[in-house]
Structure formats: C-alpha cells, structure tokens
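>>> need the 3D shape of this:
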Amino acid sequence: MDTLSLVGLAIAVLAVLFGQYLEGGQVAMLLNGPALLIVVGGTLGATMVQSPLDVFLRAAQMSRWVFRPPVRNAAGTLAEILLWCRTARRDGLLGLEGIVDAVTYDFGRKALQLLIDGNDPVVIRETLQMDSAARESRDLQAARVFEAMGGYAPTLGILGAVIGLIHVMNNLSDPALLGQGIGVAFVATVYGVGIANVLLLPIASKLKALVRAESKLQDMITVGVVSIADGENPRIVESRLQGLV
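All right, here's what the predicted structure looks like:
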C-alpha cells in the first residue's frame, strides 16, 4: 500500500473542505448530485469515445498501481540477476531451469527462458528490447487515458456551469428554483477543476513514472541476462548494473 498517495489525497481534499469552512461556507454546499453526474459521467463518456477498448481496459487495470504499485525495485532486481549469474556460472545455463519457475513476472521468466534455450546474446538483447519497448508504449498510452480525463473534466465543469445558468435564467420568476440552478452552475466547475487537478492528472503522472521505472528494471534484466550469455564474471555484471540502481 502506497501510504504517501493516500496521505496526499487526504490532504488535498481536506484542504479544499477546510478552506470552504474558513470562508464561512458549509461543506454541504459542495454536495450536488446533478453537477457530479455531469462532470463524472461526461468525462468518462468522452474518454471512452477517445480510447480504444484495450487501452481503456489497461488503464482501468493500472489504476490500482496508484495505491498498490508493483513491489519490484532496483536493488531486489539486481540481487535476483546476480543469483542467476552465479547459478549459471556454477551449474551452467541448464542450472537455471530450477529457478525459472520461481520467477513470478513474465519479462524475467521470458529472459531466463531465452537464456536457457541457448540463444545468441544478440538475439536475446533484441528480443527483450522489443518486448520492453512494446510494453512501455502500451502502458504509457494507458496512463495518458487519465491525462485525457484530466483535460475533459474542467471543460465538463464549465458545461455544467452553463447548464446551471440556463436553468437559472428559465426560473427567474421562481426564487425557490434559483438556488438549485446556481448550485449546479458553480459546484460543477469546482468538481471539474478539483477532480482533474487533485485526482486525474496526479494519477496520470504517477502511472507514467511507474511505467518508466518498470522499463528501467527491464533494462537491468536485459543487460544482466545478455552478460550471463556472454559468460561474464558476476563481479563485472554487478559493477555494470550498479549504474542502473
């Protein structure tokens, strides 16, 4: 669980609510169902129109990374690569067959299998680089779904404001309906700007950072596996990979 993300989101929301309180307003004034429907529903619908289905579904899968990011890290990956290197040097490449099943992530398992199968180092490097580049492109495209939502939300907030003002203009003769219309008008703008800048755009930025961090780990694995295929000493491999940690 990423505690920092939870704390950051809580601080942002509480800052807005407390600011509203200090201005003399009530928190209940920011609760408006029609405004929320216009902003959230409109933003979601516009994003679905823009995004291919596979990209949209991938974005939904990746959204959990905001609070539960992948657990792999550079130091752990380095230790794992060095284990492979020492095992291959002691028992040969076939000795890695007892390790490959314990690798839980697809890229590492594929890299080891290419190594065990005795492929040329150049072939291993090119295969892994293409696989890593394809994954990075796919995941960055998925992260941009949230970036697009962050662009649509404020615009939908403005649309909600216009709808609210139209409602106000149509009911000038009935003061009882003016408050509801004005509430939709201004609260929709708050929702649009707030959701975009407190939630959607930060999610997009964090996901892109996590995608690039995963690419860095895959680069480490590629360099390490190719070094093993070249028969390099584990100490040399460790020294080379330290620059990526």
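>>> okay, and G118 sits in which element?
Per DSSP states H and E: G118 is located in neither a helix nor a strand.
>>> and the residue nearest to it when sequence neighbours are not counted, how many residues sit next to it?
Computed as C-beta to C-beta, 6 or more residues apart in numbering, the closest residue to G118 that is not its neighbour in sequence is L93, at 6.6 Å. For every residue, glycine as well, the C-beta is placed using N, CA and C. Residues within reach of L93, counting by other C-beta atoms under 10 Å, total 18.
>>> cool, Q242 as well?
Count around Q242 with other C-beta under 10 Å applied: 10.
>>> distance of it from V7?
Per C-beta to C-beta, to the nearest Å, Q242 is found 32 Å from V7.
>>> got it, and K208?
For K208, the distance to V7 equals 21 Å [C-beta to C-beta].
>>> and the strands in this structure, which stretches?
Using DSSP state E, no strands are found in the chain.
>>> what residues go with each domain of it?
For the chain, automatic domain parsing gives the domain ranges 1-30, 32-242.
>>> lowest average pLDDT across the ones you listed?
The minimum mean pLDDT among the domains of the chain belongs to domain 1-30 (a mean of 80).
>>> just to revisit the earlier point, quick one, which of K208 and V7 is more surrounded?
Higher neighbour count among K208 and V7: K208, with 17 against 10, using other C-beta under 10 Å.
>>> the more buried one contacts V145, doesn't it?
No. Applying C-beta atoms under 8 Å as the test, K208 and V145 come out as separate, 11.3 Å apart.
>>> packing partners for the longest helix seen in the chain?
Under DSSP state H, the helix in the chain containing the largest number of residues is helix 121-169. Contacts defined by 3 or more C-beta pairs under 8 Å, 6 or more residues apart in numbering; DSSP states H and E place helix 121-169 against helix 33-36, helix 42-50, helix 53-62, helix 106-116, helix 175-195, helix 201-229.
>>> ok, for the residue nearest the centre of the chain, nearest residue in space, not its chain neighbours?
In the chain, the residue lying closest to the centroid (C-alpha atoms, centre = their mean) is L207, at 2.2 Å. Spatial nearest neighbour of L207, excluding adjacent residues (C-beta to C-beta, 6+ apart): A143 at 3.8 Å.
>>> the one you found: neighbouring residues, count only.
The tally of other residues near A143 (other C-beta under 10 Å) stands at 25.
>>> give me the phi and psi angles of A102.
Reported as degrees, to the nearest 10, the phi and psi values for A102 are phi -80, psi -10.
>>> quick one: contacts for the residue nearest to the centre of the chain?
Neighbour list for L207: M62, S63, W65, V66, D139, A142, A143, F146 [criterion: C-beta atoms under 8 Å, 6 or more residues apart in numbering].
>>> Q20 versus the second one, what's the distance?
Spelled out, that is S63. 28 Å.
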